[in-house]
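Participant: model the following, please.
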Amino acid sequence: MQQVQLPLRSFPLLAIPFFIMAGTVMARGGIADKIMSFANILIGHWRGGLAQVGVLNSFVMGSMSGSAVADAAVDSRILVPQMQKRGYSLGFAAAIAGASSVIAPILPPSTSLILYGLLGQVSVSALFLGGIVPAVIIGAGLLALVAVLSRLRQYGSVRETASSWREKGHAFVDCAWALMMPVILVGGIRTGLFTITELAAMAAAYTIVISLFVYRSMTLTDLWDVLRETARTSATVLIIIGASGAFSYIFAIEQVPLKIISMLSGITETPVLVLLITCMALTVLGMVIEGAAVMIIGAPILVSIATHFGIDPVHMGVLVVVTLTLSTLTPPVGIVMFTVCTMTGCRISEFLREMVPFYVLLFSILVLLALFPALVTTLPEWLAK
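Facilitator: The predicted model follows:
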């Protein structure tokens, strides 16, 4: 009788609760506020400066939390009320919080990339590096789109003039401990000094020490709340992973990957078309099924598809994460959409109306990433040499 592999009997899975803890501490420990202030000093004088700050904040926060929901929650709690006070419409402010959160799951320490790597037997370090350039492209695209929309709607800047180098220097020093987190993550991955699990544990410990003893923005009571929230979130993810073992076993017996590959081969043998079809299918699935469940159940199948059609599994993994993250912004079960609308009080219809130009931009970038694999694979290949 064939032995069933237990999906939870995996040491690297410990990285997930550790990274979740690090992201939770970021949101509760005042580190997010420091980053927001630093972003304001840097680009607050741009047209639509506060909205631009939201995008830049998501880029920095994303390299620490790795969670779209966590990033959207922080922006909804801190940024959206400030934008409303400065004359931005609630729908536009909520759309900024939602659209910019897409950056977080593509950057290390993305839990989605970790799941794909562990379940699909793909290098997590390579996936982390592969997500950096797409995240930069999405961030730059959002900054440009926000500038255009802010000019059309006559949204002003936060500051009248650009900050002086002295102000930037003070802001950088004040935020330096928080900004060290991405350096530690990327440095640890690049040098191979830590495994993913060790890196996650270090990230969690680092954020706790900084919040408790450097910024002193969190108490031991807050830490207990952080541990409880981390336990709840981790349990949700790990229960789904555990249940996915049964699905994976059934899929293997029924030869589901081979049947899907055969179906795709009947349509096309062109890798780019296979990727586009896969992204379309995942978008539809992500609209009705929670993205983590799709990822956990589908990762082995997607890796099999990539291998058969000669697609780089890192390229496939980053595209899958981007696609499923975009689905968190779409009805009817978009978790980021509901998080933002619940926390801000924005009507879903208003949120969706304001999201239209962001949908166009983000899905266009998804197609661009599918057409040009080098945007994803060049950095991992270059750093591996």
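Participant: every contact and neighbour count from this point should use C-alpha atoms.
Facilitator: Fine.
Participant: now the residue most central in space within the chain, nearest residue through space, not along the chain?
Facilitator: Residue closest to the mean C-alpha point of the chain, counted by CA atoms, centre = their mean, is Pro105 at 1.4 Å. The shortest distance from Pro105 to any non-neighbouring residue, by CA to CA, 6 or more residues apart in numbering, is to Gly66 (4.8 Å).
Participant: how near is Thr344 to Ile96?
Facilitator: Distance of Thr344 to Ile96, given as CA to CA, to the nearest Å: 12 Å.
Participant: swap that for Ile267, sorry
Facilitator: Applying CA to CA to Ile267 and Ile96 gives a distance of 38 Å.
Participant: ok, now Ile184?
Facilitator: 28 Å.
Participant: among the two, which residue is more densely surrounded?
Facilitator: Taking neighbours as other CA atoms under 10 Å, Ile184 and Ile96 compare with Ile96 leading, 30 against 15.
Participant: run through the residues that contact the residue nearest to the centre of the chain.
Facilitator: 62, 66-68, 111-113, 321-322, 325 (CA atoms under 8 Å, 6 or more residues apart in numbering).
Participant: so which of the residues you listed belong to helices?
Facilitator: The helices, defined by DSSP state H, take in 62, 68, 111-113, 321-322, 325 from those.
Participant: which of the residues you listed has the most neighbours?
Facilitator: Neighbour-wise, those (other CA under 10 Å) top out at Leu113, 31 neighbours.
Participant: residue contacts, the residue lying closest to it once chain neighbours are set aside?
Facilitator: Nearest residue to Leu113, sequence neighbours excluded (CA to CA, 6+ apart): Leu127, at 6.3 Å. Residues in contact with Leu127 (CA under 8 Å, 6+ apart) are 113, 117, 314, 317-318, 380.
Participant: ok, and the most crowded of the residues you listed?
Facilitator: Leu113 (31 neighbours).
Participant: for that one, list the residues it contacts.
Facilitator: 105-106, 124, 127-128, 317-318, 321.
Participant: could you redo the last one with a cut-off of 10 Å?
Facilitator: When contacts are counted by CA atoms under 10 Å, 6 or more residues apart in numbering, Leu113 is found next to 66, 105-107, 119, 122-128, 130-131, 295, 314, 317-318, 320-322.
Participant: these two touch, right, Leu149 and Tyr88?
Facilitator: No: under the criterion of CA atoms under 10 Å, Leu149 is not in contact with Tyr88, lying 11.3 Å apart.
Participant: out of those two, which sits in the more crowded spot?
Facilitator: Each of Leu149 and Tyr88 has its neighbours counted (other CA under 10 Å); Tyr88 has more, 22 against 15.
Participant: quick one: low-confidence ranges for the stretch 1-150 of the chain?
Facilitator: Within the stretch 1-150 of the chain, the segments meeting pLDDT under 70 span 1-12, 27-30, 32-33, 36, 39-40, 43-48, 62-65.
Participant: change it to 90
Facilitator: 1-89, 93, 97, 101, 104-105, 107-126, 128-129, 143, 146-148, 150 (pLDDT under 90).
Participant: please enumerate the strands of it.
Facilitator: Counting by DSSP state E, counting those that start in this stretch, no segments of the stretch 1-150 of the chain form strands.
Participant: for Ala68, which non-adjacent residue is spatially closest?
Facilitator: Ala68's closest residue in space is Ser101 (CA to CA, 6+ apart), at 4.8 Å.
Participant: what is the neighbour count of that neighbour?
Facilitator: Neighbours of Ser101 (other CA under 10 Å): 34.
Participant: that one against Ala72, yeah?
Facilitator: Yes: at 5.4 Å, Ser101 and Ala72 qualify as touching, with contact defined as CA under 10 Å.
Participant: can you list residues touching both of the two?
Facilitator: 54, 58, 95, 336.
Participant: quick one: contacts for Val288?
Facilitator: 327-328, 330-334.
Participant: ranking the residues you listed by neighbours, who comes first?
Facilitator: Counting by other CA under 10 Å, top hit in the contacts of Val288: Thr328 with 29 neighbours.
Participant: am I right that it is in contact with Val294?
Facilitator: No: the criterion here is CA under 10 Å, and Thr328 misses it with Val294 at 12.0 Å.
Participant: which neighbours do the two share?
Facilitator: Going by CA under 10 Å, 6+ apart, residues that sit against Thr328 and also against Val294 are Gly286.
Participant: distance of the residue nearest to Ala68 from Ala293?
Facilitator: Taking CA to CA, one finds Ser101 at 19 Å from Ala293.
Participant: residue ranges of the helices in the stretch 201-350 of the chain, please?
Facilitator: For the stretch 201-350 of the chain, applying DSSP state H, counting those that start in this stretch gives helices covering 220-253, 256-267, 271-288, 291-308, 313-327, 335-344, 348-371.
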